[in-house]
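>>> Build the 3D model from these lines:
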Amino acid sequence: PYGIAKLSPKGDFLFVNKKLLDLKKTSKKEMLGQTIFDFCTQDKVDELKRLFKTLNKGLKNNLSFEHKYKDIDLKIELTKDDNNDIIACFLDVTIEKILEQQVLEDQENLKRLDDAIKGANIGVWDFFPQEGRILANETWVTQKKYKDKDFRKNSDLFCDVLNGLEKWASIVHPDDLEPTVALIEKHLNGETDIYEAEFRMMCADGKYRWIYDVGQVFLRDSKGTAIRMNGAHIDITHIKSLQKELEVKTEELKVLASLDPLTKLYNRRYFSEVSEHIFHLAQRDTVNLSVIMIDIDKFKTVNDTHGHKTGDKVIVSLSDALQELIRSSDIICRYGGEEFLILLPNTDTKGATSMSNKINNRIDEIMIDTNDKTPLKFTVSMGVSEVHLQKDQTIEEAIDRADIALYEAKNSGRNQVFIHDFLTTSKGY
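So this is what the prediction gives:
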């Protein structure tokens, strides 16, 4: 999913992969004759040049940069390599930006609804705590779907609620009554500037509705005793419902942001976060932790011969097979186009090799339908590495070793597993 480029310290393109050419919608020849700054607006050019200056001075080795190129939102990760060149990873985050905008719009809509509710259907009350009296307007009653004559002494703009405080307490949800009374008493005692509470009240239809109650003491006697307190009831049931929906949607967006769209496996970004956490847990508890890196053999040939749809079938079939085999504690992700990565907690090299054997045996059973009706079989190469709990500083070191082992497996004929034992790479089978 990444566009990759190698840049000179001055920003000249030295290498670009096909994904980046697709993102930029240009040719390799045209791109290699330009700099990364040619694809930015002037304000972004200045910012990007500052980042390059920071990298070139060695002040930092990794920096991020975002900008909009035509109709695409791009996130660029810049890393300085050992040759003082800069490796740039380009990721299309347009969908992510759209989702973020949708969340912002939802939050804005929630505020509009909040403002609208405060502008209508408000029950106003006047409380005399020393007498237990509550005076209220008609909406204070009808807001809860009761008949005005059953709650108030008459139909005046403001009048006494029958049985005052006792009547109010009788329709507050039992679980909310005590904490709400405590908040009222704190305000009456002068411990808070404003009284605010959210609680449920039983309505005439037998349902509870959420009320936002806000008020303030406006009259005290010479000793500071509260004599009179005014406030308002605002029905926030819809807001509570929307908050729940927003929470659900936010969680859904988090899940979507962590998954690869094609395979529904974790994506590389999420894997990096989780794997680092698991790595530190393994170090703390001194338990084995291993990594398997998997690459589909001759995948480009599959795409060129049978088309990208068939290539997608191969990727999905492999991801399904891997999900069938892994344990609930294992973490699997789509690491690159045809690369997969498995993190195996409580597993040493022997256990990881055993898992690799199971994967190969399962792949042998897979047949992919093609456009010409000819069944297609595929193979994978794998690199295995166990985390060195005493020497490794990050999980990336074990991943790098697995990558080296995978490279050896590829160069040695493919369709096999190589194991990295910290010092050398040796053939597994």
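
>>> for the chain, what spans make up the helices?
Here the chain has its helices, by DSSP state H, at 18-24, 28-32, 42-56, 94-118, 138-142, 164-171, 174-188, 237-258, 268-285, 299-306, 308-325, 349-364, 395-411.

>>> which residues touch the closest residue to F151 other than its chain neighbours?
Nearest residue to F151, sequence neighbours excluded (C-beta to C-beta, 6 or more residues apart in numbering): V141, at 4.3 Å. Using the backbone N, CA and C atoms, a C-beta is placed for each residue, glycine as well. Contact analysis of V141 by C-beta atoms under 8 Å, 6 or more residues apart in numbering lists G123, K147, D148, D150, F151, R152, V161.

>>> Can you get me a residue count around the fifth one?
It stands for F151. 23 (other C-beta atoms under 10 Å).

>>> related to what we said a few turns ago, and among the helices of the chain, the most buried is which?
Across the helices of the chain, averaging neighbours per residue (mean count of other C-beta atoms under 10 Å) puts helix 395-411 on top, at a mean of 20.

>>> So, low pLDDT: which residues of the stretch 201-350 of the chain?
Applying pLDDT under 70 to the stretch 201-350 of the chain flags residues 252, 256.

>>> What's opposite R209 in the beta bridge?
M201 (DSSP bridges).

>>> Was I right to think it contacts H233?
No: taking contacts as C-beta atoms under 8 Å, R209 lies outside contact range of H233: 9.9 Å.

>>> Looking at those two now, which is surrounded by more residues?
Between R209 and H233, counting by other C-beta under 10 Å, H233 is the more crowded of the two (24 against 19).

>>> Return the residues in contact with the more buried one.
H233 makes contact with I122, G123, V124, W125, W140, Q143, I211, Y212, D213 under the criterion C-beta under 8 Å, 6+ apart.

>>> try it again with 6 Å
Neighbouring residues of H233 by C-beta atoms under 6 Å, 6 or more residues apart in numbering: G123, W140, I211, D213.

>>> Report the buried members of the residues you listed.
Using 16 or more other C-beta atoms under 10 Å as the burial test, the contacts of H233 include G123, W140, I211, D213 as buried.

>>> Out of those, which comes closest to G58?
Using C-beta to C-beta, D213 comes nearest to G58 of these, at 59.3 Å.

>>> Hmm, S275 and I395 touching each other?
Yes: using C-beta atoms under 6 Å, I395 makes contact with S275 at a distance of 4.7 Å.

>>> any idea which residue sits dead centre in this structure?
The residue lying closest to the centre of the chain (C-alpha atoms, centre = their mean) is K254, at 2.7 Å.

>>> Relative to I4, how far out is that one?
27 Å (C-beta to C-beta, to the nearest Å).

>>> likewise L78?
As judged by C-beta to C-beta, L78 and I4 stand 12 Å apart.

>>> Looking at those two, which has the bigger crowd around it?
Ranked by neighbour count (other C-beta under 10 Å), L78 and I4 place L78 first, with 22 against 15.

>>> residues touching that one, list them.
So L78 contacts L63, I86, A88 (C-beta under 6 Å, 6+ apart).

>>> mind checking pLDDT for the first one?
With respect to pLDDT, L63 scores 87.

>>> Give the bridge partners for it, please.
L63 has the following beta-bridge partners by DSSP bridges: L78.

>>> Likewise for the last one?
Residues found in beta-bridge contact with A88 (criterion: DSSP bridges) are A5, L78.

>>> so it makes contact with A5?
Yes: assessed by C-beta under 6 Å, A88 is found in contact with A5 at 4.6 Å.

>>> quick one, which of those two is more surrounded?
Neighbour count, other C-beta under 10 Å: between A88 and A5, A5 has more, with 24 against 21.

>>> my read: that one touches V16, true?
Yes: counting by C-beta under 6 Å, V16 is a contact partner of A5 at 4.8 Å.
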